[in-house]
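Chemist: Got a predicted structure here, sequence first:
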Amino acid sequence: MIKFLSVRALVNYIQEVKSELEKVTWPKKEEIIKLTLIVFIISGVVSFYLGVLDFTFTKLLELTISK
């Protein structure tokens, strides 16, 4: 945790943080929406793939154990 020795140090820290945040190039709303959709789509595909693998291996294990 950050420890401040004085109120002056805290104020200086906050001013520096504000200054750095003003330098950030924030993405446009359209870009955020586009990238969020890509993340959802990839997450869905990976989830489906893992679900198919889980189902397949579960059925194979059931077949192996039942014999």
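Modeler: Everything's here; your move.
Chemist: And the residue nearest the centre of this structure?
Modeler: residue 39 (9.0 Å; Cα atoms, centre = their mean).
Chemist: Grab the longest helix from the chain for me.
Modeler: Among the segments of the chain that qualify as a helix by DSSP state H, the longest is helix 29-66.
Chemist: I'd like to know which elements it is packed against.
Modeler: Contacts defined by 3 or more Cβ pairs under 8 Å, 6 or more residues apart in numbering; DSSP states H and E place helix 29-66 against no helix or strand at all. In this view, the C-beta of every residue, glycine as well, is placed from N, C-alpha and C.
Chemist: still on that earlier bit, measure the residue nearest to the centre of the chain to residue 52 for me?
Modeler: Distance, residue 39 to residue 52, by Cβ to Cβ, to the nearest Å: 21 Å.
Chemist: buried set for the longest helix of the chain?
Modeler: Under the neighbour-count criterion of 16 or more other Cβ atoms under 10 Å, helix 29-66 has nothing buried.
Chemist: Off-centre distance for that helix?
Modeler: 17 Å (Cα atoms, centre = their mean, to the nearest Å).
Chemist: as a whole number, average confidence for that helix?
Modeler: Mean pLDDT, helix 29-66: 97.
Chemist: Residue 19 is in what secondary structure piece?
Modeler: Assigned by DSSP states H and E, residue 19 belongs to helix 7-23.
Chemist: what's the model's confidence in that helix, averaged?
Modeler: Per-residue scores along helix 7-23 average to 92.
Chemist: Remind me what it packs against, helices and strands.
Modeler: Packed next to helix 7-23, using 3+ Cβ pairs under 8 Å, 6+ apart, is no helix or strand.
Chemist: Please save the CA atoms from that helix in CSV.
Modeler: The C-alpha trace of helix 7-23 is given here as CSV (Å, rounded to 0.1, in the frame of the first residue of the first chain):
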residue,chain,number,x,y,z
VAL,A,7,-0.7,16.0,2.7
ARG,A,8,1.6,17.7,0.2
ALA,A,9,3.0,14.4,-1.0
LEU,A,10,-0.6,13.1,-1.5
VAL,A,11,-1.6,16.2,-3.4
ASN,A,12,1.5,16.0,-5.6
TYR,A,13,0.8,12.3,-6.3
ILE,A,14,-2.8,13.0,-7.3
GLN,A,15,-1.7,15.9,-9.6
GLU,A,16,0.8,13.5,-11.3
VAL,A,17,-1.8,10.9,-11.8
LYS,A,18,-4.2,13.4,-13.3
SER,A,19,-1.4,14.7,-15.6
GLU,A,20,-0.6,11.1,-16.8
LEU,A,21,-4.3,10.3,-17.4
GLU,A,22,-4.6,13.4,-19.7
LYS,A,23,-1.8,12.0,-21.9
